[in-house]
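>>> sequence first, predicted coordinates after that:
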Amino acid sequence: MERRAQCHGLEPVFRQATALVEAGAKAAAHPRDVAATASIIFMCLTDALAVEEVVFGANGLAMAKGAAKLVVDFSSIHPDAARAISARLKAANGMGWIDAPVSGGTMGAEEGTLAVMAGGDAADIERVRPYVLAMARRLTHMGPTGAGQTTKLCNQVIVGCAMAVLAEATRLAVNAGIDAGRLPEALAGGFTDSIPLQLFVPRMVQGIHSPPLGHIATMLKDLDTVIDVACETSSPVPMAALAAQLFRLAKSARGADADALEIYKLSASQVG
């Protein structure tokens, strides 16, 4: 079995890594050290700047010998950034790249039920498939490098708009005097039934935002990327653009690190 390592970036993570080390994992001081002893490197970072730092910064992955090695990047970044980083890393040390953003949130990660959408070489995808499926329920090869990131943007159009629409429906129910907490039960099995309906509405109604399902800043980053790619491809995205503006308002009102579902609070009589 190929040796693997998971890299979470350059920020201090030793406390979080303690349990992994106790379970048999080996800690490394730098990304380069991870790549020196692993043939497949998994990483999940906040944005393209963080990915750039891990790959090309001091003691980054590009500093290691990369022949026959693969990076599987679970981060959500611009498709153009994924393609550029992949090409630069290949030129630097021969290391391969798979962009493999995920959907399913914290719960999906904890339960191993994530959906992974991947871009890259087909042979590379099959090489990492058994390891990815140890962490996820599904791995779908969507095309060449960047295709995974584009698929994630489609996912975020749906999720971001769903959050905004469900917040609107929940507020309507509350203001009209019905029990909004029973919406998931009442609508179960109908055309509107979905995982977002069943998961998001109760959290909105009960004000459950810790741990967050996702941060406002992350959703806004992805929706802004959707708009950028839409401009590049002449794709109309009026709903995603509106959702982005709502999340921009939520960021101003609630803070960048607030739970994305706090978008519901924007329509309260007074944002508290």
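Everything's here; your move.
>>> run through the protein and note the low-pLDDT ranges.
Low-confidence segments of the chain (pLDDT under 70): 1-16, 270-272.
>>> remind me, longest helix of the chain?
helix 147-175 (DSSP state H).
>>> what are the boundaries of the helices in the stretch 51-200 of the chain?
79-93, 105-111, 122-132, 147-175, 183-187, 195-206 (DSSP state H, counting those that start in this stretch).
>>> return the most buried member of those helices.
helix 147-175 (a mean of 20; mean count of other Cβ atoms under 10 Å). In short, each C-beta sits where N, CA and C put it, glycine included.
>>> how far does it sit from its chain's centre?
14 Å (Cα atoms, centre = their mean, to the nearest Å).
>>> try stretch 161-179
Using Cα atoms, centre = their mean, the offset of stretch 161-179 from its chain centre is 25 Å.
>>> start the count at 629 instead of 1 going forward.
Renumbered: residue one is now 629, and that last one reads stretch 789-807.
>>> list the contacts of it.
With contacts defined as Cβ atoms under 8 Å, 6 or more residues apart in numbering, stretch 789-807 is touched by 808, 811, 822, 824-825, 828-829, 832-833, 847, 867-868, 870-871, 874-875, 888-889, 891-892, 894-896.
>>> same deal with stretch 758-774?
Under Cβ under 8 Å, 6+ apart, the answer for stretch 758-774 is 630, 632, 668, 670, 700, 707-708, 710-711, 714, 725-728, 730, 732, 736-737, 740-750, 753, 757, 776, 778-779.
>>> which strand in the chain runs the most residues?
Counting residues, the longest strand found in the chain (DSSP state E) is strand 764-771.
>>> tell me which residues of it come out buried.
Buried residues in strand 764-771, defined by neighbour count with 16 or more other Cβ atoms under 10 Å: Ala764, Leu767, His769, Met770.
>>> am I right that Ile669 is in a helix?
No. Read with DSSP: H, G, I helix; E, B strand; the rest coil, Ile669 is strand and lies in no helix.
>>> in space, what's closest to it - neighbours in sequence excluded?
Nearest residue to Ile669, sequence neighbours excluded (Cβ to Cβ, 6 or more residues apart in numbering): Val699, at 4.9 Å.
>>> quick one: contacts for the one you found?
By Cβ under 8 Å, 6+ apart, the neighbours of Val699 are Ile668, Ile669, Met671, Val683, Leu689, Leu717, Met723, Gly724, Trp725, Ile726.
>>> so it bridges to which residues?
Residues in a beta bridge with Val699, per DSSP bridges, are Ile669, Trp725.
>>> one step back: what pairs with the longest strand of the chain, parallel or antiparallel?
strand 742-747 (parallel).
>>> got a list of contacts for the partner strand?
702, 707, 710, 726-732, 736, 753, 760, 763-780, 783.
>>> if you set the cut-off to 7 Å instead, what comes out?
710, 726-732, 736, 753, 760, 763-777, 779-780 (Cβ atoms under 7 Å, 6 or more residues apart in numbering).
>>> including distance to Ala816, could the buried residues of strand 764-771 go into a markdown table?
Supplementary listing: the buried residues of strand 764-771 in a markdown table, determined by distance: Cβ to Cβ, whole Å:
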| residue | distance to Ala816 |
| --- | --- |
| Ala764 | 26 |
| Leu767 | 29 |
| His769 | 33 |
| Met770 | 31 |
